[in-house]
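>>> no sequence on hand, only this structure:
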Ligand code: PMP
């Protein structure tokens, strides 16, 4: 149906007050007032299946997380310059999820700050300035990180220290994607060196979310990482999207590539919606930085945030959500592959755990992208109260990324709706 007067008025006030830089999802924007598990509810009480929100990863308003948050908020919330048990306890458990070389975690409030801090540490350790990212990467919103986020558009100026490399596109690329991706990284290194700039780090989202979702084959990232390390640079894994069990029992995107990063940045699902994020690192990188400077983040690592983070970790482990992501993810992938047999608009289906992409094309031979049809699928599903969005350079890739509590039954509902919607396209 059309927008009612209440929502039309809300949109008008929002634009007037928040200005022109905000965006809403969908032709018919959605007004939601409540969330529970995999479901979101509008003011009329209609339920929407959330197939998109990777932040509320243990489910919207999980009672254990809400309880941890409200309990600690009622006792104490302050910064990290007093002794407090929770930050140490949480750091210990969190670092237990990483390879043993990664021994420190520094807490921030957002993924952007986590990447920003990783850049500062990389610069101070290497005494270099060059950074390599993929062509349509998103790493955050600070001035420094926005320069490394070409998905924001060319309006954001990039300094000479930034180099973009083609994403490891297994659908459109040629033979050995690992060698191909590494060739791009080597060319970027040579190009910056020709201008007297040495590489400080390769910073990549381990699942290439905004570039179009490229999870496979496992291990393909290794040659690129070897190339940057051979040139004296670091490897920073941005796990803000794939981290915390989304890709299945491997837990982290980099683990699927059998790599140990120099630094890892984490965020989004870490607090299930509460703003907590962090930078995890090998200790030698921050030794001089910590001695000569200091780190203080007014809100980062406060007792409430750490209590929330710990509860999220306990729920992921206690409910076996990484294992669920692996199982339901495989089931969903198979279901999507079956849909591809019936609908030729589906050019490719790929994914790891509950992070999947479906690429729509006008023609399977030419692989011509189908962005208008993709937008129709997204909006038609929204009318059927299923929430999803699209990604990639041609906006023709469905980004499937539900909370990790997604069940087979939820998957069946989604697949049936997709089948229906695709019949009309
Ligand atoms: N890295 C990646 C891969 C992201 O997707 C995002 C957020 N979309 C960020 C970093 C930035 O995180 P935040 O929005 O919490 O600053």
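Cool, got the structure. Please read these numbers as outputs of a predicted model, since none were measured by experiment.

>>> name the spans of the stretch 151-300 of the chain whose pLDDT lies under the cut-off.
By pLDDT under 70, the stretch 151-300 of the chain has no low-scoring segment.

>>> if we go to 80?
174 (pLDDT under 80).

>>> sticking with residue 290, tell me its helix or strand.
helix 287-292 (DSSP states H and E).

>>> what sits against residue 244?
Taking Cβ atoms under 8 Å, 6 or more residues apart in numbering, we find residue 244 in contact with 57, 251, 266, 269, 270, 312, 316, 322. Quick note: C-beta positions are derived from backbone N, CA and C, even for glycine.

>>> try it again with 10 Å
54, 57-58, 94, 97, 251-252, 266-270, 272, 312-313, 316, 321-322, 325, 404 (Cβ atoms under 10 Å, 6 or more residues apart in numbering).

>>> what about these, which are in strands?
residue 266 (DSSP state E).

>>> and whatever helix or strand residue 14 lives in, what's buried?
Counting by DSSP H and E, the element that carries residue 14 is helix 5-18. Neighbour counts over helix 5-18 (16 or more other Cβ atoms under 10 Å) mark residue 7 as buried.

>>> for the closest residue to the ligand within the stretch 201-350 of the chain, the count of nearby residues, please.
Taking Cβ to the nearest ligand atom as the measure, the stretch 201-350 of the chain has residue 240 as its residue closest to the ligand, at 3.7 Å. Using other Cβ atoms under 10 Å, the number of residues around residue 240 comes to 28.

>>> same check on residue 334?
Residue 334: 13 neighbours (other Cβ under 10 Å).

>>> correct me if wrong: it contacts residue 412.
No - using Cβ atoms under 10 Å, residue 334 is not in contact with residue 412; the gap is 11.9 Å.

>>> the helix holding residue 14: what's the following helix or strand?
strand 34-36.

>>> now residue 374: which helix or strand?
Using DSSP H and E, residue 374 sits in helix 371-383.

>>> that helix packs against which elements?
Helices and strands touching helix 371-383, by 3 or more Cβ pairs under 10 Å, 6 or more residues apart in numbering; DSSP states H and E, are strand 47-50, strand 355-363, strand 386-387, strand 389-391, strand 397-400, helix 408-423.

>>> got the angle for the longest one vs helix 371-383?
Which is helix 408-423. 130 degrees (axes from the mean of the first three to the mean of the last three Cα atoms, to 10 degrees).

>>> what residues sit buried inside helix 408-423?
410, 411, 413, 414, 415, 417, 418, 421, 422.

>>> farthest pair in these?
Spatial extent of the buried residues of helix 408-423 (Cβ to Cβ) is set by the pair 410 and 422 at 18.6 Å.

>>> taking the stretch 1-150 of the chain, what residue is nearest to the ligand?
Counting by Cβ to the nearest ligand atom, the stretch 1-150 of the chain gets nearest the ligand through residue 111, at 2.5 Å.

>>> so who does the closest residue to that residue other than its chain neighbours touch?
Spatial nearest neighbour of residue 111, excluding adjacent residues (Cβ to Cβ, 6 or more residues apart in numbering): residue 267 at 3.2 Å. Residue 267 makes contact with 55, 108-115, 140, 238-241, 243-244, 275-279, according to Cβ under 10 Å, 6+ apart.

>>> just say helix, strand or coil for residue 236.
strand (DSSP: H, G, I helix; E, B strand; the rest coil).

>>> that one touches residue 263, doesn't it?
Yes - with contact defined as Cβ under 10 Å, residue 236 counts as touching residue 263 (4.6 Å).

>>> what do those two both touch?
114, 115, 118, 119, 121, 122, 201, 203, 279, 281.

>>> in CSV: the residues you listed, plus secondary structure and distance to the ligand.
Converted to CSV, the shared contacts of residue 236 and residue 263 look like this (DSSP: H, G, I helix; E, B strand; the rest coil; distance: Cβ to the nearest ligand atom, whole Å):
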residue, secondary structure, distance to the ligand
114, helix, 7
115, helix, 6
118, helix, 10
119, helix, 12
121, helix, 16
122, helix, 15
201, strand, 14
203, strand, 9
279, strand, 11
281, strand, 16
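
>>> now those in CSV, with neighbour count?
Output for the shared contacts of residue 236 and residue 263, formatted as CSV (neighbours: other Cβ atoms under 10 Å):
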residue, neighbour count
114, 33
115, 29
118, 29
119, 26
121, 25
122, 27
201, 27
203, 25
279, 29
281, 28
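
>>> how about the residues of this protein by the ligand?
The chain comes close to the ligand at residues 110-112, 115, 138-141, 205, 209, 238, 240-241, 267, 277, as judged by Cβ under 6 Å from any ligand atom.

>>> please check those residues and keep the buried ones.
If we count by 16+ other Cβ under 10 Å, those have these buried: 110-112, 115, 138-140, 205, 209, 238, 240-241, 267, 277.

>>> kindly list the longest helix within the protein.
Counting residues, the longest helix found in the chain (DSSP state H) is helix 321-342.

>>> tell me what angle it forms with strand 355-363.
Using the same axes, to 10 degrees: helix 321-342 against strand 355-363 is 10 degrees.

>>> helices or strands up against the helix or strand following helix 321-342?
The helix or strand immediately downstream of helix 321-342 is strand 346-352, counting by DSSP H and E. On a contact count with 3+ Cβ pairs under 10 Å, 6+ apart, strand 346-352 meets helix 321-342, strand 355-363, strand 397-400.

>>> if you set the cut-off to 7 Å instead, what comes out?
helix 321-342, strand 355-363 (3 or more Cβ pairs under 7 Å, 6 or more residues apart in numbering; DSSP states H and E).

>>> pick the most deeply packed of these.
Mean neighbours per residue, mean count of other Cβ atoms under 10 Å, is largest over those for strand 355-363, with a mean of 23.

>>> please name every helix or strand in contact with the next helix or strand after it.
Counting by DSSP H and E, the element after strand 355-363 in chain order, helix or strand, is strand 368-369. Packing partners of strand 368-369 (3+ Cβ pairs under 7 Å, 6+ apart): strand 355-363.

>>> next one: the residue of the stretch 1-150 of the chain closest to the ligand from residue 330, what distance?
Here residue 111 is placed at a distance of 27 Å from residue 330 (Cβ to Cβ, to the nearest Å).

>>> next one: residue 349
Applying Cβ to Cβ to residue 349 and residue 330 gives a distance of 12 Å.
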